[in-house]
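Student: give the three-dimensional model of this entry:
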Amino acid sequence: MDNYNIFLYGIFYIVIIIVILVYNYTTKYFNHKKRQSYVDKHEQYMLVLIYYLEKAFDIIYKDRILVYSIEGTKPSDEDIKQNSIDFAKLTLKLLGSTLTKEFTYLYGDEETFMLIIVEYFNTKAEHDEIKQASIDQIMEGSPNEDV
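Tutor: Model (predicted):
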């Protein structure tokens, strides 16, 4: 009976090892397929992300930046930092938890995803067309007022 029990334990451990190997293989396979689908549909994901980034920027811009743009002045560094943080929070809120998880997975980690969001905001805020138009108008208006 002892040899029979040893045989059963041996079979049991072999089955466990096979199950673990099959699980690892299938997990890797499906993770690869999932990552590949993100790569294949990258353009669609970017359209979704850009839509929500623009929506969040419009909200933050109207609430916080428009005043500076109209006056042709630059907000303080503290205001810029706070606006960036609020923009990132608003973007994540607009995306929702499911899309946030998918984009985090797409970019590898949350820190990289947040960097992309904040960089979008900073670039868009730096190229503020209303502010530039206001500055141009002030510059053009100054010589005419002296005449």
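Student: buried stuff in stretch 77-86?
Tutor: Under the neighbour-count criterion of 16 or more other CB atoms under 10 Å, stretch 77-86 has 80, 83, 84, 86 buried. Just so you know, the C-beta spots here come from the backbone N, C-alpha and C atoms, and that holds for glycine as well.
Student: sort out for me which of those are in helices.
Tutor: Of the positions in the buried residues of stretch 77-86, 80, 83, 84, 86 sit in helices, assigned by DSSP state H.
Student: who are the contact partners of the residue minimising distance to the centre of the chain?
Tutor: The centre of the chain sits closest to residue 113, judged by CA atoms, centre = their mean, with a distance of 3.8 Å. By CB atoms under 8 Å, 6 or more residues apart in numbering, the contact set of residue 113 is 100, 103, 104, 106, 107.
Student: that one - nearest residue in space that isn't next to it in sequence?
Tutor: Nearest residue to residue 113, sequence neighbours excluded (CB to CB, 6 or more residues apart in numbering): residue 107, at 4.5 Å.
Student: so that neighbour touches residue 114, yeah?
Tutor: No. Between residue 107 and residue 114 there is no contact under CB atoms under 8 Å: 9.2 Å.
Student: wouldn't residue 90 be in contact with residue 54 here?
Tutor: No. Using CB under 8 Å as the test, residue 90 is too far from residue 54 to be in contact (11.8 Å).
Student: low pLDDT regions in this structure?
Tutor: 1, 72, 128-139, 141-147 (pLDDT under 70).
Student: now do 80
Tutor: Counting by pLDDT under 80, the chain has low-confidence residues at 1-2, 38-39, 65-75, 126-147.
Student: so where's the longest helix in it?
Tutor: With secondary structure taken from DSSP H, the chain has its longest helix at helix 2-40.
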